[in-house]
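[1] sequence first, predicted coordinates after that:
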Amino acid sequence: MKRKFVAAAGVAMVATLALAACSASPATESAEAGGPVTLSVSGWSIATTPEFQLLADGFEEKYPDVTVELKEYDPVNYNTLLTADLAAGSGPDIITQKEVKFVSTFQEGGQLVDVSDVELPEGIGGTEAYEIDGASYAVPYRQDSWVVYYNKALFDEAGVEYPDGTWTWDDYADLESELSTALAAKPAFGGYQHSWQSTVQGFANAQTPKADILSGDFGHLEAYYKRVLGMQDDGGQVDFNTRNANQLTYQGEFGKQKAAMLPMGSWYVATLIAQQASGEADDFDWGVAPAPQYDAKTTGIDNVPVTFGDPTGLGINAAIGDDKLQAAKDFLAYAASEEAAQALAAIGITPALLNDDVVETYFSVEGSPSDELSKFAISTHETLPENPTSTKTAAIQGILGDLHTAVMSGSEPIDSAIKGAEDRVKNEVGLD
Amino acid sequence: MTGLMVPIEDRRGLRKLADSEPTPRGPRSGSPLKRVGRFAGYTVLIVAALALFAPFIWMVMSSLKTANEVFSVPVTWFPEIFVWNNYVQIWTNSDMLTWIRNTMFLSIVVTFLQVLTGSFAAYGFARIRFPGRDALFLVYIGTIAVPWQSYMIPQFILMSELKVSNTLWSIVLLQAFGAFGVFLMKQFYETIPEELSEAARLDGLSEYGIWRRIMLPLSVPALASLGLLTFVNTWNDYLGPLIYLRDPNLWTVQLGLKSFVSNLFDTNYALLFAGLTISVIPIAIIFLVGQKYFVEGLATSGMKG
Amino acid sequence: MATTTATDIAGTDVAVGPSPSLRRRRSRLARRNALIGWSFILPNFLGFALLTLVPIVVLFYMSMTNWNVFGTANWVGLANFQRLVGDGSFRIALFNTLYYSVLHIPLTFVVALGLALLLNSKLRGVAFFRTAAFFPYITSIVAIAIVWNLLFSPDYGPINEILRAFGFANPPGWLTSSDWAMPAVVIVSTWRDMGYYMILFLAGLQTVPRELHEAARMDGANAIQRFFNVTMPSLRPTTFFVTVMLTINSFKIFDLILVMTEGGPGQSTLVLSQFIYTKGFEESQFGYASAASVALFFLCITVTVAQFLANKRRSA
């Protein structure tokens, strides 16, 4: 009885493995070349994330022969679900690259088509994230970068001048402290820092010269963390533990005017405009300033401020049928084009292509800030990747995430945390 | 059937005798000191009950706030203005009815199958001796010892090959044949005296008959608890439907709610809590109604060995 | 319940002694029993074998490969396991899992049993209290994490307020402190699980014959003596079941911790299930994650088998 059962299990197991290794054929019928074609594109929260439908509609208008079907995924578990689908052979034709840290895994596993031959407009940002071994495996359509949002009304109340883009992080810390004292009666804080590791590490990695997390050296984080802990102790911002215990949201804190400044990604512009329109956020004047810099070399509107951010891109499923390949490449080209960039900018998304015309459209949305500094902050920046493209990134980011929670919660001092993280990288990830 | 079963009237009499025994804690009401003790006991229980309900109460209160009001320093219990619209939004703007229908279907079918096949298999394990039985049972238990996310991918590939992925049947297959039900029922069958089945066999009843006429009726509390726990687990299951039910019209309540209230950066917790409050009501009702079955068994005659 | 005699169709005990006709009858009987036994088990077993057993067997195979879900699975033998032994995070996860279990299992067991004993009555209003005890289990885990985070807030939370009122000048940091995060998680987890196990105990308490209680009381035994000499022995199949499930579920704990602390601060609440999930789904090292799963499996099985043997000995 048991022997037969083991044998049956063995057969089933081998069968499953064979299927997994082959990554079974896509369930699409092959149409004649040039005939009508359906492309499936993966997206998330389709109802509340209009960019996917926008790209789909725009593309269908240009290429009437092609129907674009959006495949909806849960945003938080996007990668897990996509992985499961790809493993079972039911993945989408066009794989939206939500996070750069998974690109290497997809590419290594042979899931992405080489798209180096897709034509991209000049000046488009974010392409380096998808280059592996000299070839391109995805095309960016959107590039977010981190800036600082500031509440003009609260600044006025505190009697403090608006930022002018010439600040370093030390200036920011001083300003925050000054604002908190002035606004203590409201009550409001000078600034709000969200709990993500990127709020400290993103800047530290991008702005410190020669910093590279893939090297396994994290000494450059010390200065940034010491400063942030100081900002907490000064009362400039809500401390990490309270923020976590009360599950504060950055939309709530800035939108309800509990903080005068907020370092955050450029995606928040669209959200803030929408929330002010719906009443979920208070009605107040606000602007966007370039992120504070490492030192005075890159401050001010005559220089290019350094910040961080990752692109969002589109890749093509390697299992796609030959008849669809050209249509898929056309879709990628369209998404990166100026036409699509204009359409995206009109709904408040920062496209990968940010020339002057696109920026104009971006700021013509009702409710967006109209001052020069905001335009500068959004359009002019050197954006370094938050997640370098490598198979080691996910593991290293995990280790750094643990460092972040340990240090910010006060459980571990920064120097021993850094040493611990460096040891962990050597032990668990390996450096070669 | 056989004369070995205690006749109903005698059973009732025995039960009344047992019921007149007060709970292990409280003595018979009498002296004022003991009455104060009981009053204190009740107060402690009520405070404890409030503590147990507290998160739920906070959730319901928060469901009536605006999204940005839910979290703040300091914590607020009462909304500034009562946003009843959250509930209206869930009912009218979302597909709540579809989700409830799907979840109901899944919970009922899975519970039914799990209780049926589980108790059926448990009888085989508990009462029939055959070679390899104990080892096989250990294999059953062993599978509980593996976390689901470990074998989720091979299982998903298998289900996709069977073409049931992205249908409601995938969840049914996933949950209805677990080891938990078999284990639970086997333990309960072991408390039923062998002599009852012996006598039934003497009367010519087949094993299947014994299962249906003796084991099942005597294990009502166990069946009730298995049923309830399976129902609750299926109702609240999130990861299984997440992986297998991709079509929006297949979504369960947990799945649909999550998708309705959040996008990548933002979750409207007030809306989410409104939906979760609605979702808890069927379970609470089932529990309130069904819980007497946990304690309503038929008293076994005094034949424990 | 273990018998050393065979029971044949007629229901009479047959001594275990060999004689040709007897042996023939017994082998026919054994075959018949096997057939009947399997006929009961088969409906459940078919679904179980196909959908659970096969993927788990695949998992065991995967633990000895370096599969990353997409590529081919290359055999690496025991390399993954060697790597586990040297992996600092794995050791931390293992320690934390054991730490959690050692606290959680007895605490939940005692509280659930106590609740069941307390609420095993027909007093008015007991239905309300039973519902209250069960409510944490059916409340959304998101709401639970949020509310307990608030309660445990070191500066503003009510728990520390009360502690300070009682004179503790420096109350623990709970979820914000790497020393106190795990105890805090254990408290929440027990609070959540006690209703679940209470139900199992309640059902089990119904199998305790009231006549024995009566007899014992008439013999002059008090409540405590009755508990230990009548209730507990009769409850053994249930306590065994609860202990095994509680142990396995404690070793496997995942979703509550993920939602409450995500393994932090630092790695102070990192448990094996989360380690497995991270390695598998965030770092795409499925072979390695499978090896960790196999390690977790062996941990559970060893303890379960020990519990089985202990139970068998006591029932013999």
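    Happy to help now that I have it.
[2] just to be sure, C:A292 is in a strand?
    No - using DSSP: H, G, I helix; E, B strand; the rest coil, the assignment for C:A292 is helix, not a strand.
[3] and it, what pLDDT?
    pLDDT recorded at C:A292 is 94.
[4] which residues are in contact with it?
    Neighbouring residues of C:A292 by CB atoms under 8 Å, 6 or more residues apart in numbering or on different chains: C:L84, C:F90, C:L272, C:F275, C:I276, C:K279. Any C-beta I mention is one placed from the backbone N, CA and C, and that applies to glycine too.
[5] would JSON lines of those with distance to C:L150, secondary structure and pLDDT be doable?
    Converted to JSON lines, these look like this (distance: CB to CB, whole Å; DSSP: H, G, I helix; E, B strand; the rest coil; pLDDT from 0 to 100):
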{"residue": "C:L84", "distance to C:L150": "37", "secondary structure": "helix", "pLDDT": "93"}
{"residue": "C:F90", "distance to C:L150": "33", "secondary structure": "helix", "pLDDT": "95"}
{"residue": "C:L272", "distance to C:L150": "28", "secondary structure": "helix", "pLDDT": "94"}
{"residue": "C:F275", "distance to C:L150": "28", "secondary structure": "helix", "pLDDT": "94"}
{"residue": "C:I276", "distance to C:L150": "30", "secondary structure": "helix", "pLDDT": "93"}
{"residue": "C:K279", "distance to C:L150": "32", "secondary structure": "helix", "pLDDT": "91"}
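[6] export those residues to CSV and append columns for distance to A:K152 and neighbour count.
    Formatted as CSV, these follow (distance: CB to CB, whole Å; neighbours: other CB atoms under 10 Å in any protein chain shown):
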residue, distance to A:K152, neighbour count
C:L84, 55, 21
C:F90, 51, 22
C:L272, 51, 26
C:F275, 47, 27
C:I276, 49, 27
C:K279, 47, 27
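[7] keep only these that also lie close to chain A.
    When CB under 8 Å from any CB of the partner chain is applied, no member of the contacts of C:A292 is adjacent to chain A.
[8] which ones are touching the most centrally placed residue in chain A?
    Central residue of chain A (CA atoms, centre = their mean): A:D310, 4.5 Å from the mean position. Residues near A:D310 by CB under 8 Å, 6+ apart: A:E99, A:V100, A:G126, A:A129, A:Q143, A:D144, A:P385, A:E386, A:N387.
[9] which secondary structure element contains the most centrally placed residue in chain B?
    Among the residues of chain B, the one closest to the centroid is B:L229, at 1.6 Å (CA atoms, centre = their mean). Using DSSP states H and E, B:L229 sits within helix B:220-236.
[10] could you pull up the mean pLDDT of that helix?
    The model assigns helix B:220-236 a mean pLDDT of 90.
[11] give the other helices and strands that that helix contacts.
    For helix B:220-236, the packing partners by 3 or more CB pairs under 8 Å, 6 or more residues apart in numbering or on different chains; DSSP states H and E come out as helix B:96-127, helix B:168-176, helix B:179-189, helix B:269-290, helix B:292-295, helix C:126-138, helix C:181-205.
[12] between it and helix C:126-138, how big is the angle?
    Helix B:220-236 runs at 40 degrees relative to helix C:126-138, counting by axes from the mean of the first three to the mean of the last three CA atoms, to 10 degrees.
[13] quick one: name whatever helix or strand follows helix B:220-236.
    Beyond helix B:220-236 toward the C-terminal end (DSSP H and E), the next one is helix B:239-244.
[14] grab the nearest non-local neighbour of whichever residue of the stretch 151-300 of chain B sits closest to chain C.
    Closest residue of the stretch 151-300 of chain B to chain C, CB to the nearest CB: B:F177 (3.0 Å). Using CB to CB, 6 or more residues apart in numbering or on different chains and skipping residues adjacent in sequence, the residue nearest B:F177 is C:G47, 3.0 Å away.
[15] and among the helices and strands packed on helix B:220-236, the most buried is which?
    Counting by mean count of other CB atoms under 10 Å in any protein chain shown, helix B:179-189 has the highest mean neighbour count of these, with a mean of 25.
[16] which other residues reach stretch C:160-169?
    Stretch C:160-169 is contacted from outside by C:F152, C:S153, C:P154, C:P171, C:P172, C:W174, using CB under 8 Å, 6+ apart.
[17] now do the contacts for the closest residue to the fifth one other than its chain neighbours.
    Just to be clear, that refers to C:P172. In space, and not counting its chain neighbours, C:P172 is closest to C:W180: 4.1 Å by CB to CB, 6+ apart. Listed by CB under 8 Å, 6+ apart, the contact set of C:W180 reads C:P172, C:G173, C:W174.
[18] the same query, at a cut-off of 10 Å, please.
    When contacts are counted by CB atoms under 10 Å, 6 or more residues apart in numbering or on different chains, C:W180 touches A:S411, C:F152, C:P154, C:P171, C:P172, C:G173, C:W174, C:P265, C:S268.
[19] dump these into a markdown table; add pLDDT as well.
    Below are the contacts of C:W180 laid out as a markdown table (pLDDT from 0 to 100):
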| residue | pLDDT |
| --- | --- |
| A:S411 | 90 |
| C:F152 | 89 |
| C:P154 | 86 |
| C:P171 | 88 |
| C:P172 | 89 |
| C:G173 | 86 |
| C:W174 | 90 |
| C:P265 | 91 |
| C:S268 | 93 |
